[in-house]
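Colleague: Next one to model:
(one chain, ligands or ions: 2)
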Amino acid sequence: MSAKAYFRNIYDTVKSISIGMSITLKYCFQNTVTVQYPEQRLALAPRYRGIHEFQADLCIACDQCAKACPVDCIYIEKSAPRKIDKATGKAAGGELQRFAIDYSKCMFCALCTEPCPTSCIHMGKLHDHSGYSRREAVVEFTELDKLGQRTPLPLWMDRNADKIPWVEDERKRIKAGQLATNAADIPGR
Ligand code: SF4
Ligand code: SF4
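Modeller: Ligands and ions are numbered 1, 2, ... in the order given. You can find the predicted model right below:
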């Protein structure tokens, strides 16, 4: 290598490090765009699509949602046809034996909510579903309904609700079987 090429290499190296460090320094003095979740959180959009909320008492097991699902991740089993009882406004007839969604496949497209004739499946506002195995990614909504819940309560939320006020509010809402609203009512920081 010639002396000229040697010093050219040194010059290029110092120049590229200077450019990189100047970009790094610039970001050091800008406002942060991330938050310390879950103690802090960003506001969600009004039509945010999170883990589903399901009203089993209104479901007539017509399979329309399962047919609309592009990845076939909704599983429905019934003992006999169901329909809405005009007197009670609730689904009656056969038993809804299973309504489950596999969240290892779901892509949160919301196509399942569009054709539902009784509007009993909605996109919720929680995104924190987690588990220790793939099997736990399958949410059995009919089992949750027996507990009075419309949507699963994330494990970490249940364990940390006492420490974080908004998590405690969400835990109460889910355990009471209340649906999330469509408004962007989850506050920011
Ligand atoms: S959100 Fe989309 S992928 Fe998920 S269950 Fe509904 S239709 Fe299927
Ligand atoms: S479309 Fe609605 S009523 Fe029909 S099976 Fe799905 S959730 Fe139930």
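Colleague: same for the lowest-mean-pLDDT helix or strand in the chain, what does it pack against?
Modeller: Among the helical and strand segments of the chain, the one scoring lowest on mean pLDDT, DSSP states H and E is helix 155-160, with a mean of 90. The criterion is 3 or more C-beta pairs under 8 Å, 6 or more residues apart in numbering; DSSP states H and E, and the helices and strands that helix 155-160 contacts are helix 165-175. Bear in mind the C-beta positions are built from the backbone N, C-alpha and C, glycine included.
Colleague: Show me how far the helix it packs on is from its chain's centre.
Modeller: Put simply, helix 165-175 sits 16 Å off its chain's centre (C-alpha atoms, centre = their mean, to the nearest Å).
Colleague: Ok, stretch 99-116 next?
Modeller: In terms of C-alpha atoms, centre = their mean, the gap separating the centre of stretch 99-116 from the centre of its chain is 11 Å.
Colleague: Could you tell me the end-to-end distance of that stretch?
Modeller: Using C-alpha to C-alpha, to the nearest Å, one end of stretch 99-116 lies 14 Å from the other.
Colleague: What of stretch 91-108?
Modeller: Stretch 91-108 stretches 26 Å from its first residue to its last (C-alpha to C-alpha).
Colleague: That stretch close to ligand 2?
Modeller: No. Where contact is defined by C-beta under 6 Å from any ligand atom, no part of stretch 91-108 touches ligand 2; the two come within 6.9 Å at best.
Colleague: so what secondary structure elements neighbour the longest strand along the chain?
Modeller: Of all segments of type strand in the chain, defined using DSSP state E, the longest is strand 96-102. Helices and strands in packing contact with strand 96-102 are listed as strand 74-78, strand 138-140, helix 141-146; criterion 3+ C-beta pairs under 8 Å, 6+ apart.
Colleague: for the last one, packing partners?
Modeller: I take that to be helix 141-146. Identification of packing neighbours for helix 141-146 by 3+ C-beta pairs under 8 Å, 6+ apart yields strand 50-54, strand 96-102.
Colleague: Kindly provide the whole-number mean pLDDT of the helix ranked longest in the chain.
Modeller: Of all the elements of type helix in the chain, the one with the most residues (DSSP state H) is helix 3-28. Per-residue confidence for helix 3-28 averages out to 94 on the pLDDT scale.
Colleague: before we move on, what about stretch 36-46?
Modeller: Across stretch 36-46, pLDDT averages out at 87.
Colleague: Repeat that for stretch 72-86.
Modeller: Within the predicted structure, the mean pLDDT of stretch 72-86 is 97.
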